[in-house]
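[1] Sequence plus predicted model, see below.
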Amino acid sequence: MRKDGVMGARAIRIAAAVGALIAAIAVTTPMGLVVSLWVGAGTIGAGVRASAPVYVAAGALLVLIASVIVALWVSIPGIHRGRRRPAIVALFSIAILLVVLATGAWPAVAAPWLSRTIVAGILAVAGLVLILALWRSDPQAKPLPGLAPAVIGLVATYAAVSVVSALASSSIPQFPRPPWVSQADLSGTSGVPVTAPEAPQLGLAPGQWSSIHNDAWMTDAYRGVALPDPESSQVVSFFAGGDCASLLWNSDGELVAVCVSPTQVRGFVLDPRTLRPLTERTLADRPLATDALTNFSGGGYAILDARQQLVAPLPNGAIARFDSRTLELLDEFAVAEVLLPGEGITSVLPNGETGLWFVGREGSVGIVDTTTGQARAVLVGRDGPVDIENSFALGADGTAYVVTGEDLLRIDDRAGVPEVAWRFAYDRGERRKPGQTSRASGTTPTVFADGRFVAITDNAEPRMNVVVVDVSGVQPQQHCAVPVFGDGESAGENALIAMDDALFVENNYGYSAFAVAGGRTTVPGLAKVDVSASGCSLPWQNDELSIPSLVSKGVAVDGAVLTYTKESSVIGTDAWWFTAVDVGTGEVLWRRLAGLGPMLNNHYAGGYLGPDGSVYIGTISGVVALLK
């Protein structure tokens, strides 16, 4: 009986050790673990250096999760030897991982080849076997001498080196490039130049660098400037302590960045050749909210106006104008009284020389007279509040095209009062799809064909459509609707690109800040829709290219779409790539590594081609650039 008992206890200990081993494998990859620990510690240092406490907390969370997984690995020998303390450590580790698995951050604790449900099942079974092992633990079992102190010392040293490196640098924390990741991939081919619309300025600064979508028509296309050589160009980055969605260029050629964190809106004037900050300022504080990562109001969209003023909505229900060189506050317009209580301002655009259009997140559309400060607004929902999560476009005559969670609207200025001229209903779908911020079209309207057409995507099932609306008449008429991407796996949260009588659309299905961690990525998709006088067609669709959430751009001189891609990796390599795609074929022309790690995620920010042809990407933590 004693021998049977010993054998039974040994079998339980072996089962518990194997269970802990399988659990450790299920929640990480070796590459994912070392990247998380390095980048997490680096983010702590960068956050301290930039006085960005939210990023210090985010880095600490990454380090904590990595440390819990390390503790699980280290406990396995002790569990096999029948020791009680390692089993307790493993149980606590599994409990913490199960808690994380129950949140939106679950991809951070699941190996990329396993689903959330399978990982949860593995952890639960491992936990039950560990409880049995505790019951049959051996009080005489001895530890492996020096194992735990050695691992703790190694991990602490590794993290400390990363923290110190980040404190001494203004760059975005990232993991060094491993030898199996190339620096650049070239196809050896080049695109054929195309044309791009030349939109009227309509109160914006001259050029193509006055808004996140380039111009008043929101074409997202560049004319007369070419992409850099991906091999000879240099990659640099700047940690801003915020998501730098809006990158603009003032008349001195300086880069003006508006960067939003969960608690602040910060402005920077950067040297475009080095990303060294010339001027910086906290533009406004931002109340911490549960939807901070998907709420673009109060700073997500900013513009440069014809007077070289940085114009930005602020979280307090005001619109402010700043000098685009010094970031000195020039004036501020309080419009909260014409919004719904607590409604944030999503975006703002000029309305002639002495006015501003603005849209609220819950369906208010307004006009403020900048000479008197008087604001008027109307609620444009059919039966009350309605989502407006994205920016809007201006027609050639200065009217506003706005997409809500119900309709595409044309809104006219009637003596300073907004008036809905017409509504065009689109299919808003049955759900808020993964990757979207609301159950609605995810696009800012795109005006093209000399103002005749306005294009959006809908939210239809089983596939979303690129919808082109003829707005040349008194009432809108649908010109065409083209379904794109796979059944049940299509979603858009970024504007279309207009070039050469065609539209380009990307698939953002499955995106979230955590969904692209640990070697994961989004459902691929980039497509071209040709638009003619008789209708529309789909000449190509690339179902291999994953573009998680970039506001991609067209480059007419190169016949290319400039985008930012991330492929899946079974070993957890989170590599982000500057990528150029041939507009004629949909094939990749080239890609250049931007860096590795979660802080290089662009998180709905835009891609930009600077006046000198350098590429800039706003990221969740700052700016990364490919300098020509």
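    Alright, I've got the coordinates. In this text, all values refer to a predicted model and were calculated from it rather than measured experimentally.
[2] what's the helix or strand for residue 330?
    Assessed by DSSP states H and E, residue 330 sits inside strand 329-334.
[3] which other helices and strands contact the longest helix along the chain?
    In the chain, taking DSSP state H as the definition, the longest helix is helix 53-80. Under the contact definition 3 or more CB pairs under 8 Å, 6 or more residues apart in numbering; DSSP states H and E, helix 53-80 sits against helix 2-26, helix 30-49, helix 84-101, helix 147-167. (C-beta placed from N, C-alpha, C; glycine too.)
[4] Out of those, the one nearest residue 273 is which?
    The closest of the helices and strands packed on helix 53-80 to residue 273 is helix 30-49. By CB to CB, the value is 21.5 Å.
[5] Helix 53-80 and the closest one, what's the angle between them?
    Helix 30-49 runs at 140 degrees relative to helix 53-80, counting by axes from the mean of the first three to the mean of the last three CA atoms, to 10 degrees.
[6] buried ones in helix 30-49?
    31-49 (16 or more other CB atoms under 10 Å).
[7] One more: stretch 224-241?
    225-228, 230, 233, 235-241.
[8] cool, and stretch 361-379?
    For stretch 361-379, the neighbour count (16+ other CB under 10 Å) marks 361-370, 375-379 as buried.
[9] can you tell me the average pLDDT over it?
    The pLDDT scores in stretch 361-379 average 97.
[10] ok now that stretch, how far from the chain's centre?
    Relative to its chain's centre, stretch 361-379 lies at 29 Å (CA atoms, centre = their mean, to the nearest Å).
[11] Over to that stretch now: how far is its first residue from its last?
    11 Å (CA to CA, to the nearest Å).
[12] Ok, stretch 96-111 next?
    Using CA to CA, one end of stretch 96-111 lies 16 Å from the other.
[13] I'd like the mean pLDDT over it, please.
    91.
[14] Strands of the stretch 501-628 of the chain, start to end?
    Using DSSP state E, counting those that start in this stretch, the strands of the stretch 501-628 of the chain run over 502-506, 526-532, 535-542, 553-555, 560-565, 575-582, 588-596, 607-609, 615-618, 622-627.
[15] Show me what the second one is in contact with.
    So that's strand 526-532. Strand 526-532 is contacted from outside by 448-449, 453, 455, 466, 468, 479-480, 482, 484-485, 501-507, 536-542, 545, 547, 552, 561, 563, 581, 583, 586, using CB atoms under 8 Å, 6 or more residues apart in numbering.
[16] what separates residue 499 from residue 555, distance-wise?
    Applying CB to CB, to the nearest Å, the value for residue 499 to residue 555 is 9 Å.
[17] Also residue 272?
    17 Å.
[18] about what we covered before: between the strands of the stretch 501-628 of the chain, which one is nearest to residue 300?
    Among the strands of the stretch 501-628 of the chain, strand 615-618 comes nearest to residue 300, with 10.4 Å by CB to CB.
[19] In its sheet, which strands sit next to the closest one, and in what direction?
    strand 607-609 (antiparallel), strand 622-627 (antiparallel) (DSSP bridges).
[20] Mean confidence (pLDDT) on that strand, please.
    Mean predicted lDDT for strand 615-618 stands at 98.
[21] Could you export that strand as CSV, CA atoms only?
    The C-alpha trace of strand 615-618 is given here as CSV (Å, rounded to 0.1, in the frame of the first residue of the first chain):
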residue,chain,number,x,y,z
VAL,A,615,7.4,58.5,-44.8
TYR,A,616,5.9,59.1,-41.4
ILE,A,617,3.6,56.9,-39.4
GLY,A,618,1.7,58.0,-36.2
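[22] residues in contact with that strand?
    227-228, 233, 243-247, 255, 257, 259, 272, 550, 562, 564, 578, 594, 602, 605-610, 623-626.
[23] go again using 6 Å as the cut-off
    For strand 615-618, the external contacting residues (CB atoms under 6 Å, 6 or more residues apart in numbering) are 244-245, 247, 564, 578, 602, 605-608, 610, 623-626.
[24] Kindly indicate which of those lies nearest residue 437.
    Nearest to residue 437 among the contacts of strand 615-618, with distances taken as CB to CB, is residue 245, at 12.7 Å.
[25] Return the residues in contact with that closest one.
    300, 605, 618.
[26] What's the local residue count around the nearest residue to it once chain neighbours are set aside?
    Leaving aside its chain neighbours, residue 245 sits nearest to residue 605 (4.2 Å; criterion: CB to CB, 6 or more residues apart in numbering). Neighbour count for residue 605, taken as other CB atoms under 10 Å: 27.
[27] what do you get for residue 135?
    10.
[28] where does residue 129 fall, helix, sheet strand or coil?
    Put simply, residue 129 is helix when judged by DSSP: H, G, I helix; E, B strand; the rest coil.
[29] Residue 110 versus that one, what's the distance?
    Residue 129 is 20 Å from residue 110, by CB to CB.
[30] More neighbours: the two, which one.
    residue 110 (26 against 22).
[31] Pull the contacting residues for that one.
    Per CB under 6 Å, 6+ apart, neighbours of residue 110: 116, 119.
[32] which stretches of the stretch 501-628 of the chain have low pLDDT?
    Applying pLDDT under 70 to the stretch 501-628 of the chain picks out no residues at all.
[33] one more time with 90
    Where the stretch 501-628 of the chain drops to pLDDT under 90, the residues are 518.
[34] element containing residue 498, please.
    strand 497-499.
[35] tally of neighbours for residue 360?
    Other residues near residue 360 come to 26 when the count uses other CB under 10 Å.
[36] just residue 407 next, same as before
    A count of nearby residues for residue 407, using other CB under 10 Å, gives 22.
[37] Setting aside sequence neighbours, what's the nearest residue to it?
    Excluding the flanking residues, the one nearest residue 407 by CB to CB, 6+ apart is residue 423, at 4.3 Å.
[38] A strand includes the one you found, no?
    Yes - counting by three-state DSSP, residue 423 is found in a strand.
[39] my guess is it meets residue 408, correct?
    No - with contact defined as CB atoms under 6 Å, residue 423 does not reach residue 408; the gap is 7.5 Å.
[40] neighbour-wise, which of those two wins?
    Neighbours were counted for residue 423 and for residue 408 using other CB under 10 Å; residue 408 has more, 24 against 15.
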